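Peer 1: structure for this input, please:
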Amino acid sequence: MKSDSLEPPKSRNARFIPFFLILVVAVAIGLVIRHYTDKPKEAVGGTWEVYFSDVYGGELAPDVPNTLDKRLVEKLGTAKTQIDGALYDLDSNPVATALINAHNRGVKVRIYTENTNAGEDEIKRLHSAGIPVRDDGDNDGYMHHKFFVVDKRYVWTGSYNTTYNGAYRNNNNVLWFDSVRLASNFSNEFHNIYSSEENGNVSDAAVPYPQVELSDGTQIFTYFSPKSDTISPILQEINSAVKSIQFMAFSFTHDSIGNAMRDRFQNGILVEGIFEEKQVNNIGSEYESFVKDRIPVIVDQSEGTMHHKVILIDNRTVITGSYNFSKNAEKRNSENLLIIKRNEKLGQAYLDEYNRVKRSISH
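Peer 2: Just a heads-up that it's a prediction; the model follows:
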């Protein structure tokens, strides 16, 4: 029987094309939704802010808003009188330019850096602009800080090195505080290391304000290694856990910290964490011991580096800073470590980051 239609029948390919287009659009929408739901979640309080690096689409860095280097440039742009920076590494052109701009408008800028990175082009730019830059010389350990003090009032610190990779390829966290007392702690540390050549490497181990309380009740405990006892307070917080311990560790080789976490796990506390792939095979890594004890840990294998140094206790206490969980961080390097308590909003922000990194590994 002949068809009354004058149009030829559609081929299978023709019928398939609309379905294929719908599928492509659906996948694209899914990727966009996944990207925006998995973006790092910042959090802001009255006197504190926390930011995490957005490593999605690293090659599109200039088009990514609110990256760590852009956040830092914004903060440096507010300086009126003084900027002191202790930086393990500086190869970020935007950050160096922000420091030079501050210097040119009359702000007193001083930088202290790690000797092995003192030859970076951006450090040379600072020298050429007239900004005083010192380094730690041929020191046994690393000058591993990553902090700024602005106008003796604001503190920027965390795991973020001021480099392109630090902002766009590696997972990092940064805290910004508005606290004169906390700034006094970091200013004191800066003075100790910056003036070490003048005072014969003798530095004051005392922290002016060991416990700082912000207006919202947040408590901040400040430690600087190798002068301070950094291990005892970390162990105290781990041993105090009643519900959970989550960690993100670039380097984790300190047996005392590992043993404390394993003990809590054996006592029924949830312990889980993320290790950086580049470090798990290093001598002394706690990774194999955790796996052996069946503690749920995973390895980040992303193209960049999982550079966090974070322990989260009961979703309320955050341990973070430049401080890797290692003997070198405790005994040899110049490091800063913050233990931040009584701030559920901040704890939730770090838990969100932990879950975000965890999801990115599972995909």
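
Peer 1: ok, E120 to D89 distance?
Peer 2: E120 is 7 Å from D89, where distance means Cβ to Cβ, to the nearest Å. Every residue, glycine included, has its C-beta placed from N, CA and C.

Peer 1: where along the stretch 201-350 of the chain do the strands fall?
Peer 2: 211-213, 219-225, 244-249, 270-276, 297-300, 309-313, 317-321, 335-341 (DSSP state E, counting those that start in this stretch).

Peer 1: so can I have a markdown table of the ones you listed showing mean neighbour count?
Peer 2: Shown next, in a markdown table, are these (neighbours: other Cβ atoms under 10 Å):
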| stretch | mean neighbour count |
| --- | --- |
| strand 211-213 | 16 |
| strand 219-225 | 22 |
| strand 244-249 | 23 |
| strand 270-276 | 21 |
| strand 297-300 | 19 |
| strand 309-313 | 24 |
| strand 317-321 | 26 |
| strand 335-341 | 23 |
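
Peer 1: among these, which is nearest A102?
Peer 2: For the strands of the stretch 201-350 of the chain, proximity to A102 was assessed by Cβ to Cβ; strand 335-341 is nearest, at 22.1 Å.

Peer 1: distance between the closest one and the chain's centre?
Peer 2: Centroid separation for strand 335-341 versus its chain: 12 Å, with Cα atoms, centre = their mean, to the nearest Å.

Peer 1: cool, stretch 297-313 as well?
Peer 2: With Cα atoms, centre = their mean, you get 10 Å for stretch 297-313.

Peer 1: how far does it stretch from one end to the other?
Peer 2: End-to-end distance of stretch 297-313 (Cα to Cα, to the nearest Å): 16 Å.

Peer 1: please tabulate the strands of the stretch 201-350 of the chain in JSON lines, including the columns mean pLDDT and distance to F147.
Peer 2: Shown next, in JSON lines, are these (pLDDT from 0 to 100; distance: least, Cβ to Cβ, whole Å):
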{"stretch": "strand 211-213", "mean pLDDT": "97", "distance to F147": "15"}
{"stretch": "strand 219-225", "mean pLDDT": "98", "distance to F147": "10"}
{"stretch": "strand 244-249", "mean pLDDT": "98", "distance to F147": "19"}
{"stretch": "strand 270-276", "mean pLDDT": "98", "distance to F147": "22"}
{"stretch": "strand 297-300", "mean pLDDT": "97", "distance to F147": "25"}
{"stretch": "strand 309-313", "mean pLDDT": "98", "distance to F147": "13"}
{"stretch": "strand 317-321", "mean pLDDT": "98", "distance to F147": "9"}
{"stretch": "strand 335-341", "mean pLDDT": "98", "distance to F147": "6"}
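
Peer 1: nearest to Y142, of those strands?
Peer 2: Taking the strands of the stretch 201-350 of the chain one by one with Cβ to Cβ, strand 335-341 is closest: 8.5 Å.

Peer 1: pull that closest one out as PDB, backbone CA atoms only.
Peer 2: Output in PDB follows, covering the C-alpha atoms of strand 335-341 (Å, rounded to 0.1, in the frame of the first residue of the first chain):
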ATOM      1  CA  GLU A 335      56.000  27.700  60.300                       C
ATOM      2  CA  ASN A 336      52.700  29.100  61.600                       C
ATOM      3  CA  LEU A 337      49.900  27.000  63.100                       C
ATOM      4  CA  LEU A 338      46.500  28.100  64.100                       C
ATOM      5  CA  ILE A 339      44.000  26.200  66.200                       C
ATOM      6  CA  ILE A 340      40.600  27.800  65.700                       C
ATOM      7  CA  LYS A 341      37.700  26.900  68.000                       C
END
